[in-house]
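Asker: A structural model of the following input is requested.
(chains A and B)
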Number of protein chains: 2
Amino acid sequence: MNDMTRPARIAEMLEPKSVAVIGASEDLTKFGGRLFKLLVHHGFEGAIYPINRKRETLLDIPCYTDIGATPTPPDMAVMAVPRDHVKAAVRECAEAGTKAAIIITAKFSDAGEEGAALEAEIVEEARKFGMRLIGPNCLGLISPVNKLVLCASPALFVDKLLVGRIGMVSQSGALMATIFDRAQTRGVGFSHCFSIGNQADLDLCDFLDFLVDDPATDVICTYIEGVKDGRRFLDVAERARAAGKPVLAVKAGRTDFGAAAAFSHTASLAGSYEAFAAACRETGVVLMDDPDAMIMLAAALTRFDQPERLETAILTTSGGGGAITADRLTDWNLPLASYAPETVTALEQYYYPDNAKANPVDMGAAITGGSMLVGEGSATALLKDTGSGIVLCPLTTAPDMRLLCECIAKGLAGAEAGGARKPCLVVLQPGQAANKARAELLKHGLFYFDSLDEAIRVIDGYRTMQAMAGSRADKGTSPGSISAQGLSGALDEAKAKAVLADYGVPVNRGAVAPDAAAAGRAAARLKAPFVVKVVSPDIVHKSDAGGVALNLGDAQAVEAAVAEMASRLAASHPKAAIEGYLVQEMVSGELEMFVGARRDPLFGPVVMVGAGGVLVELLKDVAVRLAPVSPAEAREMLLGLRVAPLLKGFRGSAPLDLDALADSVSRVSWLAHDLGDRFGELDVNPVLVGKAGQGCTGVDARLLMNDD
Amino acid sequence: MNDMTRPARIAEMLEPKSVAVIGASEDLTKFGGRLFKLLVHHGFEGAIYPINRKRETLLDIPCYTDIGATPTPPDMAVMAVPRDHVKAAVRECAEAGTKAAIIITAKFSDAGEEGAALEAEIVEEARKFGMRLIGPNCLGLISPVNKLVLCASPALFVDKLLVGRIGMVSQSGALMATIFDRAQTRGVGFSHCFSIGNQADLDLCDFLDFLVDDPATDVICTYIEGVKDGRRFLDVAERARAAGKPVLAVKAGRTDFGAAAAFSHTASLAGSYEAFAAACRETGVVLMDDPDAMIMLAAALTRFDQPERLETAILTTSGGGGAITADRLTDWNLPLASYAPETVTALEQYYYPDNAKANPVDMGAAITGGSMLVGEGSATALLKDTGSGIVLCPLTTAPDMRLLCECIAKGLAGAEAGGARKPCLVVLQPGQAANKARAELLKHGLFYFDSLDEAIRVIDGYRTMQAMAGSRADKGTSPGSISAQGLSGALDEAKAKAVLADYGVPVNRGAVAPDAAAAGRAAARLKAPFVVKVVSPDIVHKSDAGGVALNLGDAQAVEAAVAEMASRLAASHPKAAIEGYLVQEMVSGELEMFVGARRDPLFGPVVMVGAGGVLVELLKDVAVRLAPVSPAEAREMLLGLRVAPLLKGFRGSAPLDLDALADSVSRVSWLAHDLGDRFGELDVNPVLVGKAGQGCTGVDARLLMNDD
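Answerer: Prediction:
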C-alpha cells in the first residue's frame, strides 16, 4: 500500500496493516498500558506489536524487544516513552520503515525553547526517512470507522465505540477526550478524532484537509487554539464548503483572558479572534463558543436536515419546563413558532383549543392525560408543522418518561416517512429518573441533550449557518488602483484623505494655514461652510479655549475668525505654540460611525465598521470581514450591527444613507486589499452619515504603512 | 398535638402521626400505587393507612375501606382520585378529623371556570372543618428530614433520600421533580420540597413563611409562575432576610413568550417581571434564570461561606478546558483572580514560574506530571489564596480523575481546617469516564456541577448577593406632600410639571399663548432663553413646517418670533387650526434620560430611570426599583445602567450631574408613593442632564391617575 519513497498520507495512517506500541505493558495506570489494552480491546484487525524488553507476551500477544525485531516493519507506531527517549525511538521507527508515529509524550515546544529545539530535531530525523509525526504532546487518535484506537484516555474504556459521520480535530487532547466521552454517552459517534498536540509535523490543516476528502465523514468539528497558516485554513475551509461538508469550530482565546490561557498552554499563538471569526464567516465555518454544543450541532446535522426556518415548536411534559425554555429562547432572540392551521387541528385531538395552539405544547395538559397517543400524535403533528422549522423537547421528570421517549421516536419515524427530516432536539437533564428514557432514545438511534443551554446553542448554530448561506457575494472589482511605493509610515490626515478620495470614499477637505490671510485663501479653494480649529500641542481642549469656530459661510468669515481667534489666544494662552489653523469643510450628519481596516498577520486585510462616538464604548458594536467586501456584503455588515435600527430609521426617525455608507465600507476594503503586504492600518473616524440620499463623509483619517 | 379547633400549621403537617393514602394500590403505573409504595419505601415512621375497598392488605399493610374506618383519624391524607370524586373524598377526610390533605388530581382552576368553581367548593368544604389543603394539581411534598414522601414522582425511586438544608417551594410539580432528581444525583439534598399546584388553600407565601421559621432549613429556593399577594411576598422575604436565610427564586414569564406559557399553564397571572425583580432587589431575594443553577447556588451556600470577593481562580486538568472557562467567565464580566504572592510561591513547588502565576492553573502542565501531590497542593494553595474568592475546577477527562477528585477533596479539607470555607465549585460534565470521580466527590460530601454554564450562573448569583448586600438604605422622608384628591385622569404637561415642581423635581416651565403679544407676556414670567412651538393638531412635523423657534433671548424676541411664525404658517398652512404657541424655557443638556413611575398591581409604585432618546431602543437600559428610593439608592440605580460610563464621564468626556439626576429620581419615587392607590403612571421624558454641577431638567411630563 505504501510507496516507500513518499510520506504517508493520513488516510493511509488510519488503515495500517500493523501497529507497534512502544512501551506497551499491562499496567493500566500507565499510558503504554492503556494504549495497548485499548487497541486490543476495540478489535483492531491488523497486527499489533507490543514493544517491551521485559516480557515475552502481553495479553497473550507476542512482545518484541525493539522495532527492528518485529515480523514486518510496523506501518504505524505510537509511543508514550519518557521525553529523553523519544528521539531515539523515532529514529528506530524511521529506520525500520515505519511510515508514521504518534508521540504522546509532552514537554517539547509546549515547555520552552529547549523543548522546542528537541522537537525540531525529532521532526528533522523523521523527515529524512519520509516518516510523518502526530504530536508530540497529544492524546493520539481514535478512528471508530477503522476500529483503530491509538489513545490512552479513560474515555475509551467503553464496550463499543459508536461510529458516526463526524470527524474531529482538537488542539487539546483532554478536551477531545471529554467531548468524546460525553458524546458517546449520549449517543453521538465519530468517524475519526485527532488530537494534534504541538503539530510539530502534521498540523491542523493537514487533518482538516483529510476530513474534507474522507468518505466516512459528513461534518467536521475542530477545537482550535491558534491557526498557523491563515491562507491554508481558508483554502481548506473553502474546499469543505465546495464539498458540502459543514465545518464547525470553537476557538479558545475569544477574550483577553482566554487568549492568555491558550498562549500559556501550547506553543501556538492565539491570533486575533475577530479576524478568525471573519475568516470563518468568509468560508462558511460555523464558529461556536462551546465544544460540546459544537458536537451536538454536528450530530444534528448528520441526523436531520438543516432547518429552513428557525421558528421553534416546544413540546414538553410540564408548563414550568416549557416556560423556562420559552424564556431562554427569547433571551437568545430565537423565534417561537406559530403553528400552521392543520397542526392546530391535529393537536385539538388531544388538547383543549387554547392549549392546542399554544407554544409550548404541554403534554401534561392533554385532555386525556399523558398517553401513548398524545405523545406520538403531538410529536408527529409538530414535526410535520409547516409553521416551525425545529421541534425542541425539554422533558421534565414524568411518570413514564421511557414510554414518552418511545412515543417521540415513533412520532419522528412517522413524520420522517415522508422523507423530510426536521430537527427534533430532545433535552433530558442528568438525573437517575430519566435513565430508561435515555436508553430508549438511544435504542431508536436518537441522541439527546443534557442541557437546555446546549440545545439552544445548536439552534443558534443553525441561525449562523442560515445567515452565512446566502452571502457568497461577488466581490466585484477594485474601484481604484494604487501603488504602495510612495507611501510609508504613519500618513497624516491630509495624505490619508487624499488616498481615500482617490478610491471614491467621500471625505471633507481641509488645509492648515499659518495665519488669517492664508486661512482665507485656503477656504477659497474649499466648499463652504467652514470650520476652523487651532493647531497647537499646548491647547488640548480647543473648544473650551475658544480655539474652534464653526459654521463660517465664506473665505472672508474664515479670515476674520482666525484673526480674532489668534488675538484671543495670544491673550489667554500667551505661552502656547500655535502651529497654525486648520480650515475644513464643515460636515454635518445624523449618526457618527467609523470605518477601518487592518492587516491581520494570519488572514490578511480585514475591514471593520461600527458605531462611533459614545456608542462605540457603550455598544461595542463592530462588524469585521475579510477584505475586500462588495457593497452588498458591506450592507449586510451594517444590517447586523446593533445600531442598524438607527441606520434603517425607527420610531418615525428618518432612514439614513445606508447605501452610501456601505459603498464607503466596500471602497475602504478594496483600498486595504490593494495596498498589499505593507498595508498596516486605516482608520476613518468619524464618518458622519446623513439621511437617505444625503451621503456620508469621512471627517478624520489615518493610514499606517509598515516599512520593511 | 393538634388542637381540633384551629387549622393545622405546615410544621405539623410534616410530622403527622398517621397518613391515609386514598386510592392506594400496588400498581406502580398509577399515582396511588406509587404514592403508597414510596411512602412505605422511604421509611415513614408513623402509621400508614392505605384506603382501598378491594384489598385486605397492600404490601402487607392492612387496608381500609374508607377514611372513617381507620384506627385513628389520619392526621394527613393524600389523594390522586378522579376529579369528580375529590370533593366527596375531601368531605370524608374533614369529617373524620383529618387536619390536612394533599390533592394531586388536576383539571380544577387550571382548566377553566367550571374547574375553578369546583375547586372553590372543595376549599369551602375543607375550611368548614378547619382542614388545610395542598394543591390541587400538584405533585405533593417530599420531606427528607421527616422521611415523609407524599409524592408519586419517579424521581423518588432512589435508595435513600439525601437530607440537606435547602427548602424548596415550586409552582410546577414536574419541574420540582426534575430539580430534585438532578440534585439528588449530584449530591445535593433537601430539608423539604413542596409542589403547591393551584394554591386553592395553602399558597406560595404560606410555605415560604414556614421555611423561614423551619430549623431544618438554611436556604430557601422557589420556582414562581405568579405571586398572588405582593405585599405578603415582600413581608415573607423581609422576614427571611432578618432570619439570615437567603431566598433564591426563578420566575417563569421573564419574557413575553414565557409569560404566555406561564399563563396558559396555571390559573395564576404572571405579573410584570420587572416589578417582581424590583421586589426581589428590595428584599434581598436572589433572582436567577435557571432552576438547576438556583439549587446549586443554594447547595454552595449551605456548604461554603459566601465569598467576599468574586475573583475566581480556575484549577483545571487541561489548557483547553481552562481556556474555554476563562473565556466564558469573561463573557459574563466575571473577574479572574491574580494570586497573592504566597500562592504563587506555593504553586511553584509544582509548576514552572510562568504556569504558577497563570490563571487557569493547568495541572496537566505540572513539572512532575499530574500526581497526588500536585492535585492536593494546588487545591490547597488556591483555596487559601487571598487574591481569589472562589475556586472553579472544570475537570476534563484525565487518566485518574477519581484520584484527582480525592486530591481536591483533601486539599479542601486542608484549607478548611483553618475554619474558612471558600467556595470550591467542581464541574464534571456528563459522561461515563467520570463516574468514579463523581462517586469520589460525593463520598467526601462534595457536590459537583455537570455544566459550566450552571457553575457560572452560581458565581453570577454570588455577584447578585454581593450587589444587594450593602443596599438597604434608609429611604429618608418625603420631600413634599400632596393630596391626590384634586387630581384625576390624564394630566397634561403643565399640570404634571406643576406637581413635579412641588416635589422639587427641576422642570422647565412654559405656557400656551393665543397670540404674539400674549406669548411675549408669558415669556416675561419665565426665564430666558426661550423656545416657541406652534400648537396645532394639523401640523405634525413642526420643525419642517417652520413651527419652532429656538434660542430666543427675551420677551420681545418671543413676541417677534411668534408674529413671524403666525404669518408664515398662515401662508404655508392656510387650513391648519392653530391652537396657540407654547412658550418654554429652553434647556440644553449633555444626555437625554427618562425618569418614570407606575403602580404595579402586586407590588405598588415602582420607579424607573433609563437612557432616553435613541439609546432607549438600542440599549433597553432601564433600572426599576420599588418606590420610594433614597437619592443614594437612585445613584446605585444609575451606576448600574449601561449608560453609566456617560454619566460618570469616560475617555476624557466630562462627568455629568449624576447627583442631580439621582435626586430627581428619588423625588419622583416619593411622589409616586405619596400619590397613593389612585396613582397610575408618571413619565418625565426627556430629562436633560447637564455636566456635573449644572443639574438636570425634565422637559416633558405626563401623569395618569386612576379614577374610581
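
Asker: Is residue A:414 in contact with residue A:382, as I believe?
Answerer: No: Residue A:414 lies out of contact with residue A:382 (C-beta atoms under 8 Å); the separation is 11.5 Å. For glycine as for every other residue, the C-beta is placed from the backbone atoms N, C-alpha and C.

Asker: So those two - more neighbours on which side?
Answerer: More neighbours surround residue A:382 than the other of residue A:414 and residue A:382, with 30 against 16 (other C-beta atoms under 10 Å in any protein chain shown).

Asker: which secondary structure element contains that one?
Answerer: helix A:372-384 (DSSP states H and E).

Asker: And residue A:292, by the same measure?
Answerer: helix A:291-303.

Asker: Quick one: list the elements packing against that helix.
Answerer: Where contact means 3 or more C-beta pairs under 8 Å, 6 or more residues apart in numbering or on different chains; DSSP states H and E, helix A:291-303 is packed against strand A:163-170, helix A:173-185, strand A:219-224, strand A:247-251, strand A:286-288, helix A:452-469.

Asker: Out of these, flag the one nearest chain B.
Answerer: helix A:173-185 (3.1 Å; C-beta to the nearest C-beta).

Asker: Can you report the mean pLDDT over the residues of the closest one?
Answerer: The pLDDT scores in helix A:173-185 average 94.

Asker: and the angle for that helix with helix A:452-469?
Answerer: Put simply, helix A:173-185 runs at 100 degrees to helix A:452-469, going by axes from the mean of the first three to the mean of the last three C-alpha atoms, to 10 degrees.

Asker: just checking, what packs against helix A:173-185?
Answerer: Counting by 3+ C-beta pairs under 8 Å, 6+ apart, helix A:173-185 packs on strand A:163-170, strand A:190-195, strand A:219-224, helix A:291-303, helix B:319-331.

Asker: The last one near chain A at all?
Answerer: I take that to be helix B:319-331. Yes: against chain A, helix B:319-331 shows contacts by C-beta under 8 Å from any C-beta of the partner chain at B:319, B:320, B:321, B:322, B:323, B:324, B:326, B:327, B:328, B:329, B:330, B:331.

Asker: how about those in a markdown table, adding distance to residue A:209 and neighbour count?
Answerer: Shown next, in a markdown table, are those (distance: C-beta to C-beta, whole Å; neighbours: other C-beta atoms under 10 Å in any protein chain shown):
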| residue | distance to residue A:209 | neighbour count |
| --- | --- | --- |
| B:319 | 25 | 29 |
| B:320 | 22 | 32 |
| B:321 | 27 | 31 |
| B:322 | 29 | 34 |
| B:323 | 25 | 36 |
| B:324 | 25 | 31 |
| B:326 | 30 | 30 |
| B:327 | 27 | 24 |
| B:328 | 30 | 22 |
| B:329 | 34 | 26 |
| B:330 | 32 | 17 |
| B:331 | 32 | 13 |
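
Asker: Least confident of those?
Answerer: Among these, residue B:319 has the lowest pLDDT, at 86.

Asker: picking that back up, closest to residue A:650 out of the helices and strands packed on helix A:173-185?
Answerer: Closest of these to residue A:650 is helix B:319-331, at 27.9 Å (criterion: C-beta to C-beta).

Asker: got a list of contacts for whichever helix or strand comes after that closest one?
Answerer: Going down the chain from helix B:319-331, the next helix or strand is helix B:341-347, by DSSP H and E. The contact list for helix B:341-347 (C-beta atoms under 8 Å, 6 or more residues apart in numbering or on different chains) reads B:339, B:355-357, B:361, B:377-378, B:380-382, B:384-387.

Asker: buried stuff in helix B:341-347?
Answerer: B:343, B:344, B:346, B:347 (16 or more other C-beta atoms under 10 Å in any protein chain shown).

Asker: hmm, back to that, closest one to residue A:560 among the helices and strands packed on helix A:173-185?
Answerer: Between residue A:560 and the helices and strands packed on helix A:173-185, the tightest spacing by C-beta to C-beta is seen for helix B:319-331, at 54.5 Å.

Asker: neighbours around residue A:692, how many?
Answerer: Residue A:692: 17 neighbours (other C-beta under 10 Å).

Asker: Which residue would you name as the spatial centre of chain A?
Answerer: residue A:287 (2.6 Å; C-alpha atoms, centre = their mean).

Asker: Just the pLDDT at it, thanks.
Answerer: pLDDT, read off for residue A:287, is 97.

Asker: which residues touch the nearest residue to it once chain neighbours are set aside?
Answerer: Computed as C-beta to C-beta, 6 or more residues apart in numbering or on different chains, the closest residue to residue A:287 that is not its neighbour in sequence is residue A:280, at 4.5 Å. For residue A:280, the contact set (C-beta under 8 Å, 6+ apart) comprises A:237, A:249, A:286, A:287.
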